[in-house]
Structure formats: structure tokens, C-alpha cells
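Participant: starting from these lines, generate the structure:
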Amino acid sequence: MADKSEATSEFDFDAHRESAVAEYEKIRPSYEEFAQTAKKMISSFLRGANVRCHSIEARAKGIDEFGKKAAKQLESDPTKPKYPNPLKNITDMAGVRVITFLPRTVGDVCELIEQEFEVLEKVDKAAKLVDEGKIGYQSVHYLVKMHPSRTALAEYKSWKDLVLEIQVRTILQHAWAEMEHDIQYKSAVEIPTLTKRR
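Facilitator: Here you go, the predicted model:
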């Protein structure tokens with residue numbers, strides 16, 4: 001019979017969430033400022049390149065939203081957290097979304113992002129989502145940091161280690177993504193793939 005000291009206690013997801021939220025509340029203003037600064041930078045890059053977009057949105061992840069994400073379970077083992085260290089593991093605490101009018105402009109925006117930021121990851125959602133039957137939700141997602149040449153300057157130095165998520169999509173793709181989110185995630189039943197495609 002195993003000794004009580006050897007028994008593993010269940011992971012406390014509520015305490016994990018509360019601890020993560022308490023820490024995030026302290027630093028969220030920095031992420032909000034980071035996101036707004038990145039928005040201004042991207043707007044300036046686009047104007048300089050004569051690339052016209054519908055809109056640019058920026059935000060720091062909300063407190064409640066962060067807490068819910070921090071408390072997610074690991075899919076392969078629901079007894080463990082998906083994000084053991086939420087402040088390091090969650091990469092979309094600051095985000096910018098660039099919404100273009102036309103698909104061809106997405107490529108122009110992506111080219112500027114890759115020139116002006118240090119790209120950690122680039123994911124084109126289209127192929128994966130088509131496989132899943134989500135034919136309308138197509139966008140390019142980046143995880144980036146400020147370019148080292150920029151963080152060498154005093155006004156950007158404090159954001160040297162922060163990660164920013166940038167999404168680039170057309171206005172129609174954005175509208176579809178918002179509508180699909182409501183249809184899929186607010187529905188009480190699983191919607192068949194064929195129905196979602198239609």
C-alpha cells in the first residue's frame with residue numbers, strides 16, 4: 001500500500017487561475033501600452049508603403065479571458081494544466097489585428113510585418129481550417145517581438161522580451177470568423193462538418 005506522502009494530489013485549477021490572474025493584473029497595463037504602440041507602428045509602416053487597410057485593432061487580453069485560458073486543461077491529460085506557467089506559456093496577451101479590404105493586400109501587410117518585426121512564428125490558418133471544414137475562417141497569424149534594432153532605443157527598451165500576436169485577414173474573412181464563432185461556440189450541439197461548410 002502506497003504511503004500517503006507518495007500519493008499525488010489533484011491539480012487545483014481554481015488556485016492556478018487565481019494566481020495567474022493576480023500576476024497578470026500587475027503587468028496588463030504594460031501589455032496594453034505595448035499593443036497600442038505596435039498598432040501605431042504598423043499604421044505608420046502601412047502609410048509609408050501606401051498600403052490601404054480597412055482597420056487596425058489592438059488590445060491586451062482581458063482579465064477574465066486570461067483567467068479562463070490559464071485554467072485550461074491539457075488535452076492529452078486533463079489532470080494537468082495546458083499552461084503550467086501562464087505568463088510565459090500564453091502568447092497572445094498583446095494582440096493587433098490588421099483587416100484589409102482585398103486578399104492581395106494581406107500579402108503586402110505580411111511582407112511589412114516580416115521586415116519590421118522579429119518573427120517568432122507564422123501560421124497561415126487557411127489550409128488547416130479548410131481541412132476542418134471551416135472554409136470561411138482564413139487568416140495569417142504571427143507571433144513577433146520588437147526588432148532588436150528598435151529595442152536598442154530607450155522608448156522601446158521596456159518591451160524587449162514581450163511577445164505580440166498579429167492577425168492579418170480581409171474584412172470578409174473577419175466577418176465570417178465572427179459569425180462562425182457565434183454559430184459554433186454558442187451552439188448547444190455539435191454542428192456537422194458538412195453543415196458548417198454550407
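Participant: ok, longest helix in the protein?
Facilitator: In the chain, with assignment by DSSP state H, the single longest helix is helix 13-48.
Participant: against which helices or strands is the next helix or strand after it packed?
Facilitator: Under the assignment DSSP states H and E, the closest C-terminal helix or strand after helix 13-48 is strand 55-60. Contacts defined by 3 or more C-beta pairs under 8 Å, 6 or more residues apart in numbering; DSSP states H and E place strand 55-60 against helix 13-48, strand 94-100. Every residue, glycine included, has its C-beta placed from N, CA and C.
Participant: what's stretch 22-36 in contact with?
Facilitator: Here stretch 22-36 makes contact (C-beta atoms under 8 Å, 6 or more residues apart in numbering) with 58-61, 63, 66-67, 70, 86-87, 93-96, 158-159, 162, 164.
Participant: which of the residues you listed count as buried?
Facilitator: If you count burial by 16 or more other C-beta atoms under 10 Å, the buried members of those come out as 58-61, 66-67, 70, 86, 93-96, 159, 162, 164.
Participant: thinking again about what came up before, for the helices and strands packed on strand 55-60, which one ends up most surrounded?
Facilitator: With neighbours taken as mean count of other C-beta atoms under 10 Å, these reach their highest mean count in strand 94-100, at a mean of 23.
Participant: spit out the contact partners of Cys167.
Facilitator: For the record, residue 167 is Gln, not Cys. Applying C-beta under 8 Å, 6+ apart, one finds that Gln167 lies in contact with Gly95, Val96, Arg97, Val98, Ser139, Val140, His141, Tyr142.
Participant: make it 6 Å
Facilitator: Residues near Gln167 by C-beta atoms under 6 Å, 6 or more residues apart in numbering: Arg97, Ser139, His141.
Participant: how close does Tyr83 get to His16?
Facilitator: 9 Å (C-beta to C-beta, to the nearest Å).
Participant: any residues in contact with both of these two?
Facilitator: Contact criterion C-beta under 6 Å, 6+ apart; residues shared by Tyr83 and His16: none found.
Participant: could you find the closest non-adjacent residue to Val51?
Facilitator: Asp108 (4.8 Å; C-beta to C-beta, 6 or more residues apart in numbering).
Participant: doesn't that neighbour fall inside a helix?
Facilitator: Yes: according to DSSP: H, G, I helix; E, B strand; the rest coil, Asp108 belongs to a helix.
Participant: could you check how far it is from Phe45?
Facilitator: If you measure Asp108 against Phe45 using C-beta to C-beta, the figure is 10 Å.
Participant: just Ile166 next, same as before
Facilitator: To Phe45, Ile166 is 12 Å away according to C-beta to C-beta.
Participant: so who does the residue minimising distance to the centre of the chain touch?
Facilitator: Geometric centre of the chain, nearest residue: Asp92, 3.6 Å, by C-alpha atoms, centre = their mean. Shown in contact with Asp92 (C-beta under 6 Å, 6+ apart): Glu165.
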